[in-house]
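1. what's the 3D shape of this:
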Amino acid sequence: MNVGDALPPLEIPVTRTLIVAGAIASRDYQDVHHDAELARAKGSPDVFMNILTTNGLVGRYITDHLGPGAVLRKVAIRLGAPNYPGDTMTLTGTVTAVDGDTAEIRVVGANRIGHHVTGTVTVTLGAAA
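-> Prediction:
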């Protein structure tokens, strides 16, 4: 792995089920993540993905690419455009630093309205990477 290397993109269909299941799994019971009517009453066109689901998808993106020996050391993300049902989020990554067996990867997840997530992941590479 070298600075400048790009990870292959990963397209994730954003379904209502993914949004609601992610909220339930992370115990985020805010109504904007599971109740479309209440989300609209609060100004959103529909339910939208929570940050904990996004964080999990970013981690999955990195570990799926680097293999079972990869260990996430730090995930620092920032949300932008919401992920609504019917969107597709495309995750991309670029290696920005390598120090021994540790790498930093810049991650962007974009949907039809912009960048849903941007950030960096610091990962320790195992023998399989």
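
2. which residue of the protein lies farthest from its centroid?
-> What lies farthest from the middle of the chain is A41; by C-alpha atoms, centre = their mean that is 26.6 Å.

3. how much space between it and D35?
-> 9 Å (C-beta to C-beta, to the nearest Å). Yep, even glycine has a C-beta here, placed from its N, CA and C like the rest.

4. repeat that for P85.
-> 13 Å.

5. joint contacts of those two?
-> V47 (C-beta atoms under 8 Å, 6 or more residues apart in numbering).

6. excluding its backbone neighbours, what's nearest T54?
-> Closest residue to T54 apart from its sequence neighbours, by C-beta to C-beta, 6 or more residues apart in numbering: V117 at 5.1 Å.

7. strand partners of the one helix or strand V95 maps to, parallel vs antiparallel please.
-> Counting by DSSP states H and E, the element that carries V95 is strand 88-99. According to DSSP bridges, the neighbouring strands of strand 88-99, each with its direction, are strand 6-13 (antiparallel), strand 102-111 (antiparallel).

8. pick the most deeply packed of those strands.
-> strand 102-111 (a mean of 20; mean count of other C-beta atoms under 10 Å).

9. how distant is it from the center of its chain?
-> 9 Å (C-alpha atoms, centre = their mean, to the nearest Å).

10. read off the pLDDT value for P68.
-> P68 carries a pLDDT value of 87.

11. phi, psi for it please.
-> Phi and psi for P68, reported as degrees, to the nearest 10, are phi -70, psi -20.

12. ok, the closest residue to V32 other than its chain neighbours - contacts?
-> Spatial nearest neighbour of V32, excluding adjacent residues (C-beta to C-beta, 6+ apart): A39 at 4.4 Å. By C-beta under 8 Å, 6+ apart, the contact list for A39 reads 31-33, 45-48.
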